[in-house]
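>>> A predicted structure for the sequence below; I have some questions about it.
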Amino acid sequence: MISASIRDEFFEQYKEFYNGGPVPLYASNDFAYYLECHRKRLEKKGIKTIKKIDRIEDDIDNTIHKDKQPYTLDMTYKECNYETEYYKDDVFLARSDKDTETLYCNILHKQDYQEQTISCPNCGHSDGAKTFVNGCPMCGTSFKTFKFFPCVTSFYTLPKFVERSSINKGLKNVVKYGIGLAVLVAVGVFIFNWHESGSIGAGLFFGILAGLLTGWLGTIFIYLGYSFFIGVTAFSKMFAQAADTSDIQAARFTKKRFENDMLRYFPDFSYEYFEGKMLALLRSIVFSDDRTNLSIYKGQDPLGYLDDVVDVEYRGGFKYEGSTVVGDVLHVRLINYVKCVVFCDGKLTKHYRNFKMELVRRLKSDEDLGFSIHAVNCSTCGATFDAMHVEKCPHCGNPYELINDDWVVIYVR
Ligand SMILES: [Zn+2]
Ligand SMILES: [Zn+2]
């Protein structure tokens, strides 16, 4: 199946999920885990969100392929209106700003993938891996120690400037108003002349003439006025947004340097994949209700203040602050620009937050695009286990360190 249609199906189910529906079928098990954590947080806070993703007409819709045997990573993106509405006890609280975004969605394919058959650890029911995304279909037990392909691994949105579809709609109205005005003037002049001169012929002649003239000049003047209006609003909008996103624009300048630095360690490093990963890590840390023994976070700072966050939106960039290698461990420091929606003391507020983060990873191994923290293979006994909250294989006791396989956050503030 092509990535664009997987994405579109995924987002239909994503909207349904926030409406109380099941986890989207194409969500990778890591992503599904995050969605479930987010749902739990929202339930705990008594907040209901409605996600809206409206397609923009004459849109940008594209896919970048990246091959890394046996995987193909498809980064698809398109323009859309992505919006969230927040409710408490069915009372409307707030809506995220209604601007155009570019939506990025990473989809991972595996060559010659045969759907794995897995068994429920509780009741023994066995079936294809994908049927367990929402828990065991027989007994409901939820576990994530499996993978399947193709799957959606992450997505995020980047804000865009002026919305084009509204300008097109406006131009159609300009012509409509021009014609309307012409008809109005024509009828007026016709009746006036007919009444004054007593001749229908003269009334018609002057009426049509006046109508044509008004239609022509009127449309031109309305068009000029409208263009001026659009120009001014677009300009002020752009200006406001430029000021609003200047930190992100500046941060984006560090992209090239970051890529160059990473390519030295990982020959087929992907910026977009890392971006999705880094954001997924932050979101998982924010929405975890139990941060003790969290394999993805090894920091010292208490993170209890994150318990009131009900949503995290990426503002479109992170600033690379540098990297160092200590022993065989690579340290990457960055600032992640996000918008946090916080529900505290009965009030919903939005905050711009610049999270300083430090991520580490051991340099010994190659990046495995299909890696899942919830389905780690023990190098000693071969068993598959969920490493989110454990530091050793539950079957043979062999110690397990996530930084051998993936990025680990050691600092968030
Ligand atoms: Zn079961
Ligand atoms: Zn083991």
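Thanks, I have the structure now. Ligands and ions are numbered 1, 2, ... in the order given.

>>> residue contacts, residue 73?
65, 66, 67, 106, 107, 108, 109, 270, 273, 369 (C-beta atoms under 8 Å, 6 or more residues apart in numbering). The way it works is simple: take the backbone N, C-alpha and C, and place the C-beta from them, glycine included.

>>> against residue 112, how distant is the first one?
Residue 65 is 17 Å from residue 112, where distance means C-beta to C-beta, to the nearest Å.

>>> looking at the two, which one has more neighbours?
The neighbour count for residue 65 versus residue 112, taken as other C-beta atoms under 10 Å, is higher for residue 65 (11 against 5).

>>> after the helix or strand where the more buried one lies, next one along is what?
Under the criterion DSSP states H and E, the helix or strand holding residue 65 is strand 61-68. As assigned by DSSP H and E, the chain's next helix or strand after strand 61-68 is strand 71-88.

>>> which parts of that next one are buried?
For strand 71-88, a neighbour-count test (16 or more other C-beta atoms under 10 Å) marks 71-84, 86, 88 as buried.

>>> what's the closest of those residues to residue 233?
Nearest to residue 233 among these: residue 81, at 17.7 Å, using C-beta to C-beta.

>>> identify the bridge partners of the closest one.
Taking DSSP bridges as the rule, residue 81 bridges to residue 54, residue 100.

>>> going forward, the N-terminal residue is numbered 42.
All set: I'll call the first residue 42, so the last point we hit is now residue 122.

>>> wait, isn't it in contact with residue 137?
No: counting by C-beta atoms under 8 Å, residue 122 does not reach residue 137; the two are 10.2 Å apart.

>>> strands of the stretch 192-341 of the chain, start to end?
192-200 (DSSP state E, counting those that start in this stretch).

>>> grab the nearest non-local neighbour of the closest residue to ligand 1 within it.
Minimum separation of the stretch 192-341 of the chain from ligand 1 (C-beta to the ion) falls at residue 192, amounting to 21.6 Å. Using C-beta to C-beta, 6 or more residues apart in numbering and skipping residues adjacent in sequence, the residue nearest residue 192 is residue 69, 3.9 Å away.

>>> tally of neighbours for the one you found?
By the criterion of other C-beta under 10 Å, residue 69 has 25 neighbours.

>>> OK, contacts around it?
Neighbours of residue 69 in contact, by C-beta under 8 Å, 6+ apart: 149, 188, 192, 193, 194, 413.

>>> for ligand 1, what are the nearby residues on this protein?
161, 163, 164, 166, 177, 179, 180, 182 (C-beta under 5 Å from the ion).

>>> please name the residues that touch the fourth one.
Neighbouring residues of residue 166 by C-beta under 8 Å, 6+ apart: 160, 177, 178, 179, 180.

>>> got phi/psi on the third one?
For residue 178, the backbone dihedrals are phi -70, psi -20 (criterion: degrees, to the nearest 10).
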